[in-house]
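Student: got a structure for you, letters missing:
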């Protein structure tokens, strides 16, 4: 009868391989106990990983939309703040200008004009606000400031006024500068995008249209009347009656423009509400999917602990048997 024997080297290799396998399993179980997750997902799911892959893909998409939606929401919130400040300064300046009348003194007119000049500067700076190094009111053009510098616009307006000295002529020149689609504000003042409203995708099947730009008719109207008042400070040689009349006209215009700005704020607020609802819904979906994913890949703590104890005992037994076998020899037996 033939006898199959195992050589010492082969026996040693087999013992080392078995020991490595037991230690690897023990290490995986220890990691599972620590992390609460299985280490071999494919084996844990018996190779049926399609559901987990689908969940991971959906979570990735949701994470992208939640992140980008949060950025859009932040931009809209900042736009709302800017519009609120422009509206506030319009109301305050309007209230001051409406106090100017035909009996106003030189000092009152000069002070009102100086305040109006500051108002125009502030409006322009507010509308040129950047968040994350991106312009808010330039539409698709986010690199450059939407509006030219206040000084440059007023200089160009003074040039457009030319030698006019009457209130009607000056007012008409400024209105033309702001409303002419082929010159003035359209070509020199506004430097942003003039195309269609920017479309922002906030979820897989929802987009919003952001159309609040510095060339919006309501914003342009506020700038126009602020410039009308500011030009009084730029043209101090005008007679007192003309300057008073221009300031009064600007005050009434700013009062009307303030109401128009509220409509722009309402549009932006509506977009904010849409994004908030979408973000809330996507966050809820993400939470539900995370729970489902956790159920698929989490390690049962009691089962893992039992297996860990069993494998630990197996490893100890392996070491004991290996040590016992290493002591066996013919010489010792004889």
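Tutor: Yes, it's here. What you see is a predicted model, and the numbers here were worked out from it, not measured in a lab.
Student: what's near enough to touch the residue nearest the centre of the chain?
Tutor: Among the residues of the chain, the one closest to the centroid is residue 71, at 1.1 Å (C-alpha atoms, centre = their mean). Counting by C-beta atoms under 8 Å, 6 or more residues apart in numbering, residue 71 touches residue 132. (C-beta placed from N, C-alpha, C; glycine too.)
Student: Would you mind measuring from residue 248 to residue 233?
Tutor: 15 Å (C-beta to C-beta, to the nearest Å).
Student: Give me the contacts around stretch 127-138.
Tutor: Against stretch 127-138 from outside (C-beta under 8 Å, 6+ apart): 71, 74-75, 78-79, 82, 86, 141-147, 191-193, 212-214, 219, 223.
Student: Filter those down to the buried ones.
Tutor: 75, 78-79, 82, 86, 141-142, 145-147, 191-193, 212-214, 219, 223 (16 or more other C-beta atoms under 10 Å).
Student: Out of those, list just those in helices.
Tutor: 75, 78, 79, 82, 86, 219, 223 (DSSP state H).
Student: I'd guessed the fourth one sits against residue 123; true?
Tutor: In other words, residue 82. No - using C-beta atoms under 8 Å, residue 82 is not in contact with residue 123, being 9.7 Å away.
Student: thought residue 261 was touching residue 218?
Tutor: Yes - applying C-beta under 8 Å, one finds residue 261 in contact with residue 218, separated by 5.3 Å.
Student: can you pull the contacts of residue 73?
Tutor: Contacts of residue 73 by C-beta under 8 Å, 6+ apart are 272, 275, 276, 279.
Student: all helices for the stretch 51-200 of the chain, in order.
Tutor: 106-127, 150-161, 167-179 (DSSP state H, counting those that start in this stretch).
Student: closest to residue 205 out of the ones you listed?
Tutor: Closest to residue 205 of the helices of the stretch 51-200 of the chain, according to C-beta to C-beta: helix 106-127, at 32.8 Å.
Student: Specify the angle between that closest one and helix 150-161 in degrees.
Tutor: 120 degrees (axes from the mean of the first three to the mean of the last three C-alpha atoms, to 10 degrees).
Student: could you say what helices and strands the longest helix seen in the chain packs with?
Tutor: As assigned by DSSP H, the longest helix anywhere in the chain is helix 240-297. The elements that helix 240-297 packs onto, with contact taken as 3 or more C-beta pairs under 8 Å, 6 or more residues apart in numbering; DSSP states H and E, are helix 50-97, helix 106-127, helix 167-179, strand 198-203, strand 206-210, helix 217-234.
Student: Give me the angle between the longest one and helix 240-297.
Tutor: Spelled out, that is helix 50-97. Going by the same axes, to 10 degrees, helix 50-97 makes 160 degrees with helix 240-297.
Student: what's the offset of helix 50-97 from the middle of its chain?
Tutor: 6 Å (C-alpha atoms, centre = their mean, to the nearest Å).
Student: so who does residue 260 touch?
Tutor: 217, 218, 221, 222.
Student: Could you dump the helices of the stretch 51-200 of the chain into JSON lines with distance to residue 206 added?
Tutor: Output for those, formatted as JSON lines (distance: least, C-beta to C-beta, whole Å):
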{"stretch": "helix 106-127", "distance to residue 206": "28"}
{"stretch": "helix 150-161", "distance to residue 206": "38"}
{"stretch": "helix 167-179", "distance to residue 206": "35"}
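Student: and residue 197, which of those is closest to it?
Tutor: helix 106-127 (17.1 Å).
Student: Kindly calculate the angle that the closest one makes with helix 217-234.
Tutor: Using the same axes, to 10 degrees: helix 106-127 against helix 217-234 is 140 degrees.
Student: pLDDT of helix 106-127, averaged?
Tutor: For helix 106-127, the mean per-residue pLDDT is 95.
Student: Going by neighbour count, list what's buried in that helix.
Tutor: Result for helix 106-127 [16+ other C-beta under 10 Å]: buried residues 108-110, 112-113, 115-124, 126-127.
Student: can you check stretch 193-204 too?
Tutor: 193, 198, 200, 202, 203.
Student: Also stretch 148-163?
Tutor: In stretch 148-163, counting by 16+ other C-beta under 10 Å, buried: 148, 150, 153, 154, 156, 157, 160, 161.
Student: Residue 174: which of those is nearest?
Tutor: Relative to residue 174, and with distances defined as C-beta to C-beta, the nearest of the buried residues of stretch 148-163 is residue 157, at 6.1 Å.
Student: The closest one contacts residue 227, correct?
Tutor: Yes - using C-beta under 8 Å, residue 157 is in contact with residue 227, at 6.1 Å.
Student: Touching both of the two, which residues are there?
Tutor: residue 174.
Student: Which residue is the nearest non-sequential neighbour of residue 216?
Tutor: Nearest residue to residue 216 in three dimensions, chain neighbours excluded: residue 264, at 5.9 Å (C-beta to C-beta, 6 or more residues apart in numbering).
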